[in-house]
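[1] here is a sequence with its predicted model. Questions after.
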Amino acid sequence: MSVSTTMERDSGFGSRVARYLWSLLNLYFLLRSFAKACVDRAFHAMGLAFLEPRRGLMFAARKSQASVARLIGIQDPGWRWDWIAGERPPPPRCIAAVVNDQDDAMHPRCLTQLANLAVWCTEEGIGHVSMYDQDGSVRAGKERLVEAVVRATVDGHRRNRLHRMRACTYEVRTVDDDGTVRVAARFTCGGAATNKWAELFGIGKKEPAKDGDDSRASAPTKTTVDLLRGGDGGAALLEAARVMTRDVTRKEEDSLSNEDSITPRELEAWMERTGRRLPAVDLAIVFGRHFHASAYPPWQLHRAEIYHVDGGLWGFTRKGLRRVLRRYSKTAQRFGK
């Protein structure tokens, strides 16, 4: 009897300890969630939502470092908080958004989402954005895209009062049938230019300009947006090959077998001189139910990292772009070597 009683007492004590530990664990996570929610609300109330405190105070510290550097006019500060938050990898130079579902490309929300993507890329330091659908629906709506980019910029200024983008000039380009790249629209928004657009579209309130607003920024001074469709870039490549092959033939040299044969660099140099060159894409994001490039100009994709967004264009957010950029930064590119 004494042995069984002792065992019952031990089991009862162990179960009570387990319940106490479980209660303490639940209390810890409850308090932790409550504290994170309070910090998040406090940051939003102070207009510091762009620091994204939900991702951790170390991440917010890194973003605040960049913001302080912009406010005091330092483009590349000598002091860094890398020991706290780590080094941020450089962004890709050119990013492409491929909408391979034509129903999505024709939807009115498509231009709004692509405009948001252009503004996010500008804020991330990406100076070239290509937007593509095979039938050219996005290209046909270039005027509405310009308005959507301006609205996205003005809305961003209104939400984050302490985070101001530099006045950025956007160039919207299209490709002619002969391969010539032309500027279809050029406009400036962000910084002091935001007030003009806010008054024009009736968005938000006019804010007083601050000294040096247009000289302190992380965004590039220029962002180029290419609106592409199926077949763009092909005419320029064929014409470059035809002209250069003719020149080699005139020299009575075999352009395919000797050391004087045509190289990809020479083709790109010819397209650059004649105003027909489209930049090589570093990162391509495919939106749609299926993972394919939908006849995107292949010459521009020869070195691109291609990612498929499962949620499609409608569910893509700024956080989604940053996740893709983080994946890109961790990719080892060997370029065929």
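    Alright, I've got the coordinates. Numbers count the residues shown, from 1 in each chain.

[2] extract the C-alpha set from stretch 168-187 and format it as PDB.
    In PDB, the C-alpha atoms belonging to stretch 168-187 read as follows (Å, rounded to 0.1, in the frame of the first residue of the first chain):
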ATOM      1  CA  CYS A 168      12.100  60.100 -59.500                       C
ATOM      2  CA  THR A 169      11.700  60.500 -63.300                       C
ATOM      3  CA  TYR A 170       9.900  57.500 -64.900                       C
ATOM      4  CA  GLU A 171      10.400  56.800 -68.500                       C
ATOM      5  CA  VAL A 172       7.800  54.500 -70.100                       C
ATOM      6  CA  ARG A 173       9.100  52.900 -73.300                       C
ATOM      7  CA  THR A 174       7.600  50.700 -76.000                       C
ATOM      8  CA  VAL A 175       9.100  48.900 -79.000                       C
ATOM      9  CA  ASP A 176       8.200  49.600 -82.600                       C
ATOM     10  CA  ASP A 177       7.700  46.900 -85.200                       C
ATOM     11  CA  ASP A 178      11.200  47.500 -86.600                       C
ATOM     12  CA  GLY A 179      12.700  47.000 -83.100                       C
ATOM     13  CA  THR A 180      13.300  50.700 -82.300                       C
ATOM     14  CA  VAL A 181      12.800  51.500 -78.600                       C
ATOM     15  CA  ARG A 182      10.900  54.700 -78.100                       C
ATOM     16  CA  VAL A 183       9.900  56.700 -75.000                       C
ATOM     17  CA  ALA A 184       6.100  56.800 -74.900                       C
ATOM     18  CA  ALA A 185       5.800  58.900 -71.600                       C
ATOM     19  CA  ARG A 186       8.100  60.700 -69.200                       C
ATOM     20  CA  PHE A 187       7.000  62.100 -65.900                       C
END
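
[3] contacts for it next, please.
    118, 122, 139, 142-143, 145-146, 149-150, 188-191, 217, 219-229, 232-237, 239, 271, 274-278 (CB atoms under 8 Å, 6 or more residues apart in numbering). The way it works is simple: take the backbone N, C-alpha and C, and place the C-beta from them, glycine included.

[4] type out the ChimeraX command that picks the buried ones from the residues you listed.
    Of these, the buried ones can be selected in ChimeraX as follows, counting by 16 or more other CB atoms under 10 Å:
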select :118,122,139,142,145,146,149,150,188,189,190,191,217,219,220,223,224,225,226,227,228,229,232,233,235,236,237,239,271,274,276,277,278
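
[5] among the contacts of stretch 168-187, which are in helices?
    118, 122, 139, 142-143, 145-146, 149-150, 234-237, 239, 271 (DSSP state H).

[6] closest to residue 107 among those?
    residue 145 (13.4 Å; CB to CB).

[7] and the residue nearest to the closest one when sequence neighbours are not counted, what element?
    Closest residue in space to residue 145, ignoring its immediate chain neighbours: residue 111 at 4.9 Å, by CB to CB, 6 or more residues apart in numbering. Counting by DSSP states H and E, the element that carries residue 111 is helix 108-123.

[8] name the helices or strands packed onto that helix?
    Helix 108-123 is packed against strand 94-99, strand 128-132, helix 137-140, helix 142-159, strand 222-228, helix 318-329, with contacts defined by 3 or more CB pairs under 8 Å, 6 or more residues apart in numbering; DSSP states H and E.

[9] looking at these, which is nearest to residue 282?
    Nearest of the helices and strands packed on helix 108-123 (CB to CB): strand 94-99, 5.3 Å.

[10] for the closest one, the averaged confidence score.
    Averaging pLDDT along strand 94-99 gives 95.

[11] now residue 99, which residues is it bridged with?
    Beta-bridge pairing of residue 99 under DSSP bridges involves residue 287.

[12] and residue 303, how many neighbours?
    Neighbour count of residue 303, defined by other CB atoms under 10 Å: 11.

[13] okay if I get the helices and strands packed on helix 108-123 as a markdown table plus distance to residue 166?
    Shown next, in a markdown table, are those (distance: least, CB to CB, whole Å):
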| stretch | distance to residue 166 |
| --- | --- |
| strand 94-99 | 19 |
| strand 128-132 | 17 |
| helix 137-140 | 26 |
| helix 142-159 | 11 |
| strand 222-228 | 11 |
| helix 318-329 | 18 |
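
[14] quick one, which of those gets closest to residue 291.
    Nearest to residue 291, of all those, is strand 94-99, at 10.1 Å by CB to CB.

[15] tilt between the closest one and helix 318-329?
    Strand 94-99 runs at 120 degrees relative to helix 318-329, counting by axes from the mean of the first three to the mean of the last three CA atoms, to 10 degrees.

[16] now the element after strand 94-99, going C-ward?
    Per DSSP H and E, the first helix or strand lying C-terminal to strand 94-99 is helix 102-106.
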